[in-house]
Structure formats: C-alpha cells, structure tokens
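Chemist: What would the 3D arrangement of this be:
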Amino acid sequence: MENKMNRKISLASRPAGVPTLDNFEIADAEMPQPQAGEILIRTLYLSVDPYMRGRMNDRKSYIPPFALNEVITGGVVGEVVESRADAFQPGDIVTGQLGWQLYSVAQAAAIRKVDPALAPVTTALGVLGMPGLTAYFGLLDIGQPVAGETVVVSGAAGAVGTLVCQIARIKGCRVVAIAGSDEKNRYLTNELGVDAVVNYKTSTDLNAALREACPGGVDVYFDNVGGDISDGVTVLIRHGARIVICGQISLYNLEEQDVGLRVQPYLLVNSALMRGFIVTDYAARSAEGIGQLGQWLAEGRVKYAENIVEGFENTPQAFLGLFSGENLGKQLVKVAD
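Modeler: Predicted structure coming up:
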C-alpha cells in the first residue's frame, strides 16, 4: 500500500445554528484491517449532502444522529486495496456509505461495484447514486407528472434539483426553477432548458415573481428548501396538485421552531397531496432507477453538474458551502486520484 497513514474527520461538537469549522476535528487514525468477508477501501471521492446537517443534532429522525467524537459517514467512491471477500479484487472501484477518512473497512454486502467504463466514477455519488434516485422516485412516484403540467422545483440548481428539472422536461412538463443566483438560473435555462426561473435572493417580491412564473398555477411542487419559498408556491397549487417534500434546507440551521403558512386549507380546497419521502424507501427499486437514469445519461437526455473541492482537509469547508449556496450540482470532495 502506497500510504500507511489514515486520517479521519469527526464531529467534535454539535452545531447551534449554522455549523462552523470548529464543529469538526481532523486527526490521524489507526489503519483499519479487514477481517474475513471485509474489504479495505482507499477513498477517492467523498459526498457532502444537506441531510447530514440533521444528523449533527441529537434528536430522533429517520436516521440516527452522528455520535460525538466519531467519524462522520456519507457516500464515498473508493478503490479496493485489500480484499478478504470473494466478490471483490484489489483495484475494483466501489461505492457505499463509509467514513470521512482516507481508508475504510466495510462488509462486502454493504458495498457495490462501480463500472468506470459506463460513466465517470463520480456519477455514483450523483446522477447514478443517491441524488439521482431521490429525484427519480420523488418526482415520478409521488409527483406523477403529466405532460403539459407545471412542475416547480426549489433548490433547482442542486444535485437533486437539476435532475428533477430534466426528468420533468423528459415527461413533457413546463418547468419552473427556483435558485439563488443569476449564474445558476442561466445554467438552468441555457443548459437544462427550463421554461422559467426565479432568483429568490434578488426578487424584491418573491410571491409576485412566483405568480408571474406560474400564471396557470402549480401542478407539482418538488420541495427541497421549505420556508418562505415553499409558502409562496403552496398558495399557487391547482386542483389535484402533488407536493413532494424532499428537503427543507432553509430550516436546518434554525434554532427556534419555524412558523409559516398553514398549508392544510390549500391542500383541502384543491384536493391536493403533500407527501414526504426518504430515498431509502425505494431501496428495493434502486436498480430500476439507476438503469433508467443511466440510459438517459447515455442518450444525452440528462446532463449533470459537479462542484469538486480538492483535498481531504477541505471536506468540512465543502459541507459548509452547501448552506451558502456555493455549489452548482453535486458537491464532492476529491481525496485521491
């Protein structure tokens, strides 16, 4: 092995409000040793994702919180350097939920191979991974878009949002994208072909901007952000609308309970549906989603954007960038070649 040193990033303290670099600790760690049925993996790329903010709080959610002074875990693409499992050989490229560390040991059953010949390996953490499956099943299974309908996507320039916009267009819908910069909205318009954009940071009257972008109302709302943006979209829903609750990034760092619109009257009078989901709800169908997304990718019907930060030590900074809207597309950290 070319490097006998392991390093890890742990959660040093629980954030109050917006996380800071002080909440993380980077330290040397013991080199893990694989046992029977396990493989040793060298990290190539790490994924940083908004949902991780919720795991930094010590409260019950759909996934257990990170433990203090323990390595943070998330999506990783890596290379097998030692295998004690028949299904994997040194040199295999793999992905799984692993630690923010240079080297990890994992059970073979918890890891899947990545074929570098199909697409760049980073896509296993984006369009052909968790964000892609989130967009695919959230929009198609819950949103059920029909050609000609208006689909509104908040957080539209993120890893999930960019894919929701494109899948909605593939299904023949009119797509309205909400993002926080003119640069992002130009990408959404020129590269992804959305029909209308709203910049929530520069709109002097957000509700008026949303009304102008959705003159016929909203049939499907894919909600990645919550808060005032979602209140503004909810009042525009049409009869039979579907609201897909994927994320609430505008609320993750609040220290007090957020109080906003009462949505129930809008759901009631419009016979509308609002449903939250977690991508693991669809774990049994992941091959279906990856297969279809891979086909669209090969056909050029789906594009993807990546924002790659170089250097393991910069992982916390890359994570913090999610909450100031620095990333266009999937936020990744390149750890090694």
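
Chemist: Helix or strand: which one has the residue nearest to L267 when sequence neighbours are not counted?
Modeler: Excluding the flanking residues, the one nearest L267 by CB to CB, 6 or more residues apart in numbering is M274, at 5.9 Å. C-beta coordinates here come from the backbone N, C-alpha and C atoms, glycine included. Using DSSP states H and E, the element containing M274 is strand 273-276.

Chemist: how near is the residue nearest to L267 to V218?
Modeler: 12 Å (CB to CB, to the nearest Å).

Chemist: And these two? Which one has more around it.
Modeler: Per other CB atoms under 10 Å, whichever of M274 and V218 has more neighbours is V218, with 24 against 18.

Chemist: how much distance is there from stretch 44-53 to the middle of the chain?
Modeler: 8 Å (CA atoms, centre = their mean, to the nearest Å).

Chemist: Start and end of that stretch, how far apart?
Modeler: Distance between the two ends of stretch 44-53: 23 Å, counting by CA to CA, to the nearest Å.

Chemist: model confidence over that stretch, on average?
Modeler: Averaging pLDDT along stretch 44-53 yields 93.

Chemist: What of stretch 170-177?
Modeler: Rounded mean pLDDT across stretch 170-177 is 98.

Chemist: I'd like the distance between the residue nearest to L267 and F319.
Modeler: Relative to F319, and taking CB to CB, M274 is found at 29 Å.

Chemist: now swap in P65 and tell me
Modeler: 16 Å.

Chemist: Who has more neighbours out of these two?
Modeler: F319 (28 against 15).

Chemist: Just give the nearest non-adjacent residue to the more buried one, would you?
Modeler: V48 (4.2 Å).

Chemist: got the contact list for the one you found?
Modeler: Going by CB atoms under 8 Å, 6 or more residues apart in numbering, V48 touches G74, T315, A318, F319, L322, Q331, L332, V333.

Chemist: of all the residues you listed, which comes closest to P131?
Modeler: Q331 (10.0 Å; CB to CB).

Chemist: Which neighbouring elements make contact with whatever helix or strand the closest one lives in?
Modeler: Here Q331 sits within strand 330-334, counting by DSSP H and E. Under the contact definition 3 or more CB pairs under 8 Å, 6 or more residues apart in numbering; DSSP states H and E, strand 330-334 sits against strand 38-47, strand 306-310, helix 315-321.

Chemist: For it, which strands pair with it and how are they oriented?
Modeler: Here strand 330-334 has these sheet partners by DSSP bridges: strand 38-47 (antiparallel), strand 306-310 (parallel).

Chemist: now that strand, how far from the centre of its chain.
Modeler: That offset, for strand 330-334, works out to 11 Å (CA atoms, centre = their mean).

Chemist: now what about it, what contacts it?
Modeler: Contacts of strand 330-334 (CB under 8 Å, 6+ apart): 44-49, 122, 125-127, 131, 159, 304-312, 314-315, 318-319, 321-322.

Chemist: Need the mean per-residue confidence for that strand.
Modeler: What strand 330-334 shows for mean pLDDT is 96.

Chemist: what are the C-alpha coordinates of it, in CSV please?
Modeler: C-alpha atoms of strand 330-334 as CSV (Å, rounded to 0.1, in the frame of the first residue of the first chain):
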residue,chain,number,x,y,z
LYS,A,330,-23.4,17.8,-6.8
GLN,A,331,-20.9,18.9,-4.2
LEU,A,332,-17.9,16.5,-4.0
VAL,A,333,-14.5,16.4,-2.4
LYS,A,334,-11.7,14.8,-4.3
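
Chemist: Pick out the residue closest to the middle of this structure.
Modeler: Central residue of the chain (CA atoms, centre = their mean): P131, 4.4 Å from the mean position.

Chemist: how's the protein carved up into domains?
Modeler: 6-126+304-334, 130-280 (automatic domain parsing).

Chemist: and the nearest residue to G129 once chain neighbours are set aside, what pLDDT?
Modeler: Of all residues not flanking G129 in the chain, G75 sits nearest, at 6.4 Å (CB to CB, 6+ apart). On the pLDDT scale, G75 is placed at 96.

Chemist: host element of G75?
Modeler: Here G75 is assigned to strand 73-83, by DSSP H and E.

Chemist: Quick one: mean pLDDT over the next helix or strand along the chain from that strand.
Modeler: Downstream of strand 73-83, the next assigned helix or strand under DSSP H and E is strand 93-99. Averaging pLDDT along strand 93-99 gives 97.

Chemist: number of nearby residues for the residue lying closest to S47 once chain neighbours are set aside?
Modeler: Excluding the flanking residues, the one nearest S47 by CB to CB, 6+ apart is G75, at 3.6 Å. Residues near G75, counting by other CB under 10 Å, number 21.
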